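**Student:** prediction below, plus the sequence it came from.
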Amino acid sequence: ARLDGGRNEGEYVVVADTSTGDDGKTRIRAYCEIDASVLRDVSSEREEVYTVPSKGYQVRKRRVRKVGSLVLSSTTLPSPSPDEITVALLDAIDSLGGVSALI
């Protein structure tokens, strides 16, 4: 979405209203700036093990700082353990409909 007015609003804004113009572009109409330190204060940090479908379901590990589903930062970690890889691959198979769907 595009923020009309061109003002420097900092790193994050909370959007309350948008509209789509004749050109098909979404414009932000109502918003307020939120300081990154406020988000850091209410964020949580954890390690995630996940698969990358576009890379043949490669299993990776990262440390993420989030507020809900908004990722504030992400750092790649060393390869996951064999147990973590097993769990991630089983989750991926399950999300694809299970073993019977893959055969």
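**Tutor:** The structure has been received and is ready for your questions.
**Student:** low-scoring stretches of this protein, by residue?
**Tutor:** 1-2, 4-10, 102-103 (pLDDT under 70).
**Student:** work out which residue lies at the spatial centre of it.
**Tutor:** residue 71 (5.0 Å; CA atoms, centre = their mean).
**Student:** who's in contact with that residue?
**Tutor:** When contacts are counted by CB atoms under 8 Å, 6 or more residues apart in numbering, residue 71 touches 64, 65. In short, each C-beta sits where N, CA and C put it, glycine included.
**Student:** is it true that residue 17 touches residue 30?
**Tutor:** Yes: using CB atoms under 8 Å, residue 17 is in contact with residue 30, at 3.8 Å.
**Student:** OK, contacts around residue 48?
**Tutor:** Neighbouring residues of residue 48 by CB under 8 Å, 6+ apart: 61, 62, 63, 64.
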